[in-house]
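A.B. asks: could you look at this predicted model? Sequence included:
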Amino acid sequence: MIKFSRYILVATGILVASMVLPSLYWTIFEKVPRSPGVYYSCMNDDFIIVDGGSRLSPDGKAYTSDEYEQLLPLMFFRQLMADGTMPDSIRGVKMETPSISRASSFYRYTPRKLDSPVITLWPMLESESGKVNLAMPDDYFRIEKRMEFIVARTNKINEEKSQLFTEALTAEGFVFPADIIAGLPTTRKSHDEGYFITDSEGTLFHVKMVKGQPYVARIETPEKLDIVYIEAVDLRSREYYCYIVTRDQGIYVLMDEVYDLQRLPIDGFNPSQHSFRLNSDLFNKCITVYGENWYEAIAIDDMYDVVGTHGEKWESLYERSDGKIFASIFPFEIRMRDDNSAFVRFFFKPSPGYRWIIINLIALIVAVVLIMRRGWPLKSNIPDLLITAVTGIYGLVATQFFPNKFSKVKPPSKT
Amino acid sequence: MFKSVIYKEWLKIRLIVLIALGLSLLALINIFLKVRHDILFVDAANYWYSFLFRGRAYFMVLKFLPFVIGLAIAIAQYFPETVNKRIKLTFHLPVSENGVLIRMHAFGALVLVVLLALVLGLFVAGSAIFFPSNIIDASLITMLPWFLGGLATYFLVALVLLEPVWLFRGLYSVIAAGFVTFFFTSASIGAFKPVLLPLALITLLLSCVVLFSGYRFRKGEM
């Protein structure tokens, strides 16, 4: 029991050391990773890469600040108008502020959005109140065994409304409970489109409240989609309602009014590892998919046809000097937090390669020397030596912090 | 014999337990008076909104309470034993040395668990007046790491206090501080859900580590 309690302490020590020491290392030595922004110019039909302070063409030509703004007139139209250099028309389209801003939008998806705590209570706004301003309701809904509205002031269920919505959902073939619920629970949007909800079988529904009555639309998909994430957006152009991210079938947008699913032309998108940005303007959408050390940019026109692609790859973390040294010192690290998750977990990250074996061996030798100097038998310390051999510095620290002095019970045989 | 040992432990910690209970009740009363006040002022729907979508938790007062209680009970229970090495008297009783330490420790842990469970229970009861189960569940997931952290603090502080050598007290403290910090990592509401079970298991395992320094104490490690 006492020996067991020591191993628990040693394990705790290894856990703490494998979190604290790497975090200390990264705090001191980590280099800023690249995260370039990519835009598509409607002036020269080419990409512009913004990386740190530099703005480059895909073949490496540097642009000045003025050139950069002139290449992206739809992004910098306010500046260009102030300078008097804004073109009157581009591609035969007259440049007017309202149409430019209506078409502009920006969206970013990160794996963190997928892996975060789920909100289970949502406000159902009135979509067609006839008022100019949207208003927050005084109740919140949840969709478990049925759809329930809970009045905040009384903390009681509004039976009548709950029944009304539950029946409307059931009539459209909704199988309770809901899986994903996505909407914009705010009054700061141009109009309300309610919620996009998948049921327990993964079927997609559009649910909103129109003049106090439920509006439910079952959205048929061309093939069965394994939807993992939905994010509703408030586009002033009202082009589409939301982004739909699937596990391995790519990303879709759900077109406004007609409920057509438009697949974005990107392949191999892994929602739990890759990020995704979409910059939209009057003529094009520039989609950039980011991996850990690469990006793929795709420009599409307003018909979603690809008009250009560009990609780059750079040194990954463990190819850089800071990462290489890390992987030579530490056999692994454990983190409570990860960039790709909003949850707290024990994220176990083994170091690539086997260069850490040298340090592990040194740790092992140090452990042997320490044991021998104290005159303890090596035999009764084999578990400690094994632990040190496998976990390196962490094991050395933990076994020395919680010393193995049980040999005192039976004195060493040589005495 | 064990009855008397338990009674001795209770004498040591009863004042701390009463103070902790009082503080907890004050904290809970404060929380719910404030919730009631804010709901009156900003309307319940807005208050729910700030919890759901802005991540504003109404129970932050409770964050370090379990830590403080765990620390206080451990000190009240084990510090007097280290003064003049009084625990040696206990170890000289005609009962198993480990057995007596396990019982002392189990009693302290039990009192702490009951106290913390009471706080959680009252918290749930109070929350149920104002909030639906969805908000209460998310709150509990957010608070449980703090309560487990309180238990872990108790176990680890006992380990540190019973350790006879000052150097090792320091080393244990380093690990203990590093470990207890995990439980109090700031995170959004509900973010601890995946680690609750692992943290609970580790905390359970830590309940027996006091035996290690107890052993070193008995063997006269210097």
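C.D. replies: Yep, that arrived.

A.B. asks: mind naming the longest helix for chain B?
C.D. replies: helix B:2-42 (DSSP state H).

A.B. asks: what is the neighbour count of the closest residue to residue A:104 other than its chain neighbours?
C.D. replies: Spatially, and ignoring its direct neighbours in sequence, residue A:104 is nearest to residue A:281 (5.6 Å; CB to CB, 6 or more residues apart in numbering or on different chains). Every residue, glycine included, has its C-beta placed from N, CA and C. Per other CB atoms under 10 Å in any protein chain shown, the neighbour tally for residue A:281 reads 22.

A.B. asks: helix, strand or coil for residue 208?
C.D. replies: All of this is about chain A. Secondary structure, DSSP: H, G, I helix; E, B strand; the rest coil: residue A:208 is strand.

A.B. asks: that one against residue A:232, yeah?
C.D. replies: No. At 10.9 Å, residue A:208 does not count as touching residue A:232 under the criterion of CB atoms under 8 Å.

A.B. asks: now the common contact residues for the two.
C.D. replies: Shared contacts of residue A:208 and residue A:232, defined by CB atoms under 8 Å, 6 or more residues apart in numbering or on different chains, comprise A:193, A:195.

A.B. asks: tell me the secondary structure at residue A:149.
C.D. replies: Going by three-state DSSP: residue A:149 is strand.

A.B. asks: what separation do you get for it and residue A:298?
C.D. replies: 42 Å (CB to CB, to the nearest Å).

A.B. asks: next, give phi and psi for the residue in the stretch 151-300 of chain A that chain B sits nearest to.
C.D. replies: Chain B sits closest to residue A:152 of the stretch 151-300 of chain A, with a gap of 3.6 Å, by CB to the nearest CB. Here is the backbone geometry of residue A:152 (degrees, to the nearest 10): phi -60, psi -40.

A.B. asks: and the residue nearest to it when sequence neighbours are not counted, how many neighbours?
C.D. replies: Nearest residue to residue A:152, sequence neighbours excluded (CB to CB, 6+ apart): residue B:44, at 3.6 Å. Other residues near residue B:44 come to 21 when the count uses other CB under 10 Å.

A.B. asks: residue B:44 contacts residue A:140, doesn't it?
C.D. replies: No. Between residue B:44 and residue A:140 there is no contact under CB under 8 Å: 9.9 Å.

A.B. asks: spit out the contact partners of residue A:300.
C.D. replies: Taking CB under 8 Å, 6+ apart, one finds A:264, A:265, A:284, A:285, A:287, A:306, A:307 in contact with residue A:300.

A.B. asks: quick check: the fourth one is in a helix.
C.D. replies: No. Assessed with three-state DSSP, residue A:285 is strand; it does not lie in a helix.

A.B. asks: ok, it to residue A:36 distance?
C.D. replies: 18 Å.

A.B. asks: between these two, who's got more neighbours?
C.D. replies: Between residue A:285 and residue A:36, residue A:285 has the larger neighbour count (other CB under 10 Å), namely 22 against 16.

A.B. asks: any idea of the pLDDT on the residue nearest to residue A:152?
C.D. replies: Looking at residue B:44, its pLDDT reads 94.

A.B. asks: could you find the closest non-adjacent residue to residue A:331?
C.D. replies: residue A:356 (4.4 Å).

A.B. asks: on contacts alone, who are the packing partners of the worst-scoring helix or strand of chain B on mean pLDDT?
C.D. replies: Lowest on mean pLDDT, DSSP states H and E among the helices and strands of chain B sits helix B:87-91, with a mean of 75. If contacts are counted by 3 or more CB pairs under 8 Å, 6 or more residues apart in numbering or on different chains; DSSP states H and E, helix B:87-91 sits against helix B:97-130.

A.B. asks: flag every buried residue along the helix or strand following the helix it packs on.
C.D. replies: Next helix or strand after helix B:97-130 toward the C-terminus (DSSP states H and E): helix B:133-162. Under the neighbour-count criterion of 16 or more other CB atoms under 10 Å in any protein chain shown, helix B:133-162 has B:134-136, B:138-162 buried.

A.B. asks: these also near chain A: which ones?
C.D. replies: B:134, B:135, B:138, B:141, B:145, B:159 (CB under 8 Å from any CB of the partner chain).

A.B. asks: could you find the closest non-adjacent residue to the third one?
C.D. replies: Read that as residue B:138. Using CB to CB, 6+ apart, the closest residue to residue B:138 is residue B:190 (4.8 Å).

A.B. asks: list the contacts of the one you found.
C.D. replies: A:117, A:118, B:138, B:141, B:142.

A.B. asks: now tabulate the residues you listed in TSV and tack on distance to residue A:5 and pLDDT.
C.D. replies: Below are those laid out as TSV (distance: CB to CB, whole Å; pLDDT from 0 to 100):
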residue	distance to residue A:5	pLDDT
A:117	35	94
A:118	39	93
B:138	35	95
B:141	30	96
B:142	31	95
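
A.B. asks: nearest spatial neighbour of the residue nearest in space to the middle of chain B, chain-adjacent residues omitted?
C.D. replies: Centroid-nearest residue in chain B: residue B:150, 2.3 Å away (criterion: CA atoms, centre = their mean). Closest residue to residue B:150 apart from its sequence neighbours, by CB to CB, 6+ apart: residue B:66 at 2.6 Å.

A.B. asks: quick check: that neighbour touching residue B:144?
C.D. replies: No. Counting by CB under 8 Å, residue B:66 does not reach residue B:144; the two are 9.9 Å apart.

A.B. asks: check what pLDDT the residue nearest to residue B:138 gets.
C.D. replies: For residue B:190, pLDDT reads 93.

A.B. asks: and it, its phi and psi?
C.D. replies: phi 80, psi 0.
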